[in-house]
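> have a look; sequence and predicted model below, questions after that.
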Number of protein chains: 2
Amino acid sequence: MSKKSIKSALTVMQGIGQPDQINMELVGKYKQRKKRNLNVQDFIDGIQSGNRTILSKSITLIESSLPKDQEMAQEIIAECLKRNQEISIQHPASSIRIGITGVPGVGKSTFIEALGTYLTRSGHKLAVLAVDPSSARSKGSILGDKTRMVDLSVDPAAFIRPSPSAGTLGGVARKTHETIILCETAGFDVIFVETIGVGQSETAVHSMVDFFLLLMLSGAGDELQGIKRGIIEMADAIIINKADGDNVGKAKSTRIEYKNALHLFPPSDSGWSPVTDICSALTRDGIERIWEIVIKHHNLLLNNGYFLRKRMEQNLQILENCIEEGLRNNFFSRKDIAGELSAVRLEISNGTASPYAAARKLLESYLRKL
Amino acid sequence: MSKKSIKSALTVMQGIGQPDQINMELVGKYKQRKKRNLNVQDFIDGIQSGNRTILSKSITLIESSLPKDQEMAQEIIAECLKRNQEISIQHPASSIRIGITGVPGVGKSTFIEALGTYLTRSGHKLAVLAVDPSSARSKGSILGDKTRMVDLSVDPAAFIRPSPSAGTLGGVARKTHETIILCETAGFDVIFVETIGVGQSETAVHSMVDFFLLLMLSGAGDELQGIKRGIIEMADAIIINKADGDNVGKAKSTRIEYKNALHLFPPSDSGWSPVTDICSALTRDGIERIWEIVIKHHNLLLNNGYFLRKRMEQNLQILENCIEEGLRNNFFSRKDIAGELSAVRLEISNGTASPYAAARKLLESYLRKL
């Protein structure tokens, strides 16, 4: 490790780390070893002591595509899961994971800044992550620029990590979910997972959080064009942001529209009925009330046993989804199937083949060829 | 074939078949041969001439699990697809497929009877099918009992076929979809596909119809408990049934609630905005208006080119879904994977394994063992 990078690592740790997060022994180790020489135990000790440089480096391992890094990352995650599990026997809900979504322009960054600083001032430790597989392409990256969250980015009780910048949605979602586990081991008790409400990412985020918050603007209708179908039905709370100045009345009536609309949906399995509210992330009006909603939901689900059940079910669902994705990827990437597949697609497009019969034939070929 | 069954076949054909549907040459063939001896060509000719006994028998082949029957069924379907395709070059939309759903008690049978007899009187030929994988288990079968539709069941221009009574959702959906193709070859120009709005079947039905109609009751809220999330967003029309007597006012205000709520959803890709209306299947008030809605939708989609594009996309989607289902079934039914899989599920339930890492390991085992 170069002198400069040691210095910058120390600056980071000393500058924004809280006293209890700095483990001088580890810093010493760190100085003596090159990055590559940190072993799994060093990473785990570092994460558990709240050392954010080591936390960052372990997330980089998760995001790496090198088999060696992946192997190390998986060992670290397995150990972190074990430690989180030991803690959760005593404290069944040592963290709250909150998904936050809404179209660009709704004020997500300002909202995260407002709710986030409210939380850190109340003694919470907050990690802000993102699932945004599009950022690599569009460069309209969310969280790509920490300057969007001026206060949080220098807040010693907050840890901001942008979305992995490349990969499929499945890959990005996996990395974010595994990062949550590490952040929880590092003592972060509130996790925000940000996403843009326009793509497929919301379903992925919904499958890894305890609470799903949808930010909206007033003047329902037009601004919804960008919101994907199905997102409203996933929301535990719909919050109308920018309820300030002349906009308060409009925000209130939009809220009522959503409130009425939500009545038409069946309640979720957890017994929670989605809540609507207004706030201004800019003036911070209503921010405290939104946290109260989250806590009310949290307590309900803890008391009715749904909290841990939901996390378990989410993980089992992720297992199935990943297996299915893997099987699908293997099938659709096979060069020896590609020819038959495109011929069949053409026949189906022409209306001359039944998709059912075609699928059966393709599957038979595939399983024979494997 | 026994004397009795020939007689009953002839009775069926002569009794409810329209003159143009009776092909005396075929009847002669039919007399001379046992059922097993009808060949693919006999079936196709019979179907195309509108012979409903032969149509029924070919649907029975589709529903059979015997490999020999399946093989024959697939040949028949392939040939029917070809003929439908030839017709569709001249008449791009020679049939309209309509999915009809709603919780038990909403009056689906009465509605189908009312709209159905309205259509046959207007000169249409109507096939009524169903997707109901639960009927085998619950015996709460839809369409299991033709007496629910007194007029339609003796209407020579209507063909009613209950849901296949056994099998997975995927299997039942396949059979229903393939039955649609045969019915279209037999000259039915309107196809109803009925389902109960409580399970997963709606997505399957939605993937094989041109228009998706959701029947509701007035007094929004309580009666929605049974409607699955996501169904409202699939609807092209939400119709409040039982708008008769004292109930008309309530139905009207329920309609307005849905109308307002639907404004909050983005428009569908086809450019169609979901419509709300009221009707009484009992008094038949509003039934004609509902058909006008279907026709308006049909014309819009024909004019903007979305009608055929949608059918093509549905078929390509079915191809993908079937491949995925087949891959999944193969994986989850492997005995040499089962042990590892349940061990992994236990670890995940305990919170001691990452579902992502576990999925990768399982997939590696599977692909190695194949």
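Cool, got the structure. Numbering: from 1, shown residues only, chains lettered A, B, ... in the order given.
> what's the pLDDT at the closest residue to chain B within the stretch 1-150 of chain A?
Using C-beta to the nearest C-beta, A:Gln85 is the residue of the stretch 1-150 of chain A that sits closest to chain B, at 4.5 Å. The C-beta positions use only the backbone N, C-alpha and C, and glycine is treated the same way. Listed pLDDT for A:Gln85 reads 82.
> for A:Val150, same thing?
86.
> low-confidence ranges, chain A, go.
Applying pLDDT under 70 to chain A flags the ranges A:1-36, A:92, A:133-147, A:165-167, A:197-199, A:219-229, A:266.
> ok now the longest helix seen in it, how far from the chain's centre?
In chain A, taking DSSP state H as the definition, the longest helix is helix A:306-332. The chain centroid and the centroid of helix A:306-332 are separated by 16 Å, computed with C-alpha atoms, centre = their mean, to the nearest Å.
> what's the next helix or strand after that helix in contact with?
Going down the chain from helix A:306-332, the next helix or strand is helix A:335-350, by DSSP states H and E. Residues from elsewhere that reach helix A:335-350, judged by C-beta atoms under 8 Å, 6 or more residues apart in numbering or on different chains: A:331-332, A:353, A:355, A:358, A:361-362, A:365-366, A:369, B:85, B:312, B:315-316, B:319.
> state the pair within those that is farthest apart.
The distance between the two most remote of the contacts of helix A:335-350 (C-beta to C-beta) is 30.1 Å, for A:Lys369 and B:Gln85.
> could you pull out the strands for the stretch 1-150 of chain A?
A:96-102, A:126-130 (DSSP state E, counting those that start in this stretch).
> as TSV, those strands with mean neighbour count and distance to chain B would be great.
Below are the strands of the stretch 1-150 of chain A laid out as TSV (neighbours: other C-beta atoms under 10 Å in any protein chain shown; distance: least, C-beta to the nearest C-beta, whole Å):
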stretch	mean neighbour count	distance to chain B
strand A:96-102	24	14
strand A:126-130	26	15
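> among these, which is nearest A:Ile323?
Using C-beta to C-beta, the nearest of the strands of the stretch 1-150 of chain A to A:Ile323 is strand A:96-102, at 23.0 Å.
> pull that closest one out as CSV, backbone CA atoms only.
C-alpha atoms of strand A:96-102 as CSV (Å, rounded to 0.1, in the frame of the first residue of the first chain):
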residue,chain,number,x,y,z
ILE,A,96,-34.6,-1.8,10.0
ARG,A,97,-34.3,-2.0,6.3
ILE,A,98,-36.2,0.6,4.3
GLY,A,99,-36.6,0.8,0.6
ILE,A,100,-37.1,4.3,-0.8
THR,A,101,-38.3,4.9,-4.3
GLY,A,102,-39.8,7.6,-6.5
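> among the contacts of helix A:335-350, which one sits closest to A:Val190?
Of the contacts of helix A:335-350, the one sitting nearest to A:Val190 (C-beta to C-beta) turns out to be A:Phe332, at 38.7 Å.
> chain neighbours aside, what residue packs nearest to the closest one?
Spatial nearest neighbour of A:Phe332, excluding adjacent residues (C-beta to C-beta, 6 or more residues apart in numbering or on different chains): A:Leu341 at 7.6 Å.
> can you say which of the contacts of helix A:335-350 are buried?
Among those, those classed as buried by 16 or more other C-beta atoms under 10 Å in any protein chain shown are A:Phe331, A:Ala353, A:Pro355, A:Ala358, A:Leu362, A:Tyr366, B:Asn315, B:Leu319.
> reformat those as JSON lines; add distance to B:Tyr118.
Converted to JSON lines, those look like this (distance: C-beta to C-beta, whole Å):
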{"residue": "A:Phe331", "distance to B:Tyr118": "46"}
{"residue": "A:Ala353", "distance to B:Tyr118": "35"}
{"residue": "A:Pro355", "distance to B:Tyr118": "32"}
{"residue": "A:Ala358", "distance to B:Tyr118": "37"}
{"residue": "A:Leu362", "distance to B:Tyr118": "42"}
{"residue": "A:Tyr366", "distance to B:Tyr118": "47"}
{"residue": "B:Asn315", "distance to B:Tyr118": "30"}
{"residue": "B:Leu319", "distance to B:Tyr118": "35"}
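> gap between the closest residue to A:Thr110 other than its chain neighbours and chain B?
Nearest residue to A:Thr110 in three dimensions, chain neighbours excluded: A:Ala281, at 4.1 Å (C-beta to C-beta, 6+ apart). Counting by C-beta to the nearest C-beta, to the nearest Å, the gap from A:Ala281 to chain B is 22 Å.
> quick check: phi and psi at A:Ala281.
phi -60, psi -30 (degrees, to the nearest 10).
> what lies in contact with stretch A:357-366?
A:331, A:334, A:337, A:340-341, A:344, A:347-348, B:74, B:77-78, B:318-319, B:322-323, B:326-327, B:330.
> repeat the analysis, applying 6 Å as the threshold.
For stretch A:357-366, the external contacting residues (C-beta atoms under 6 Å, 6 or more residues apart in numbering or on different chains) are A:Phe331, A:Ile337, A:Val344, B:Gln74, B:Leu319, B:Cys322, B:Ile323, B:Gly326.
> I'm done for today, thanks for sticking with me.
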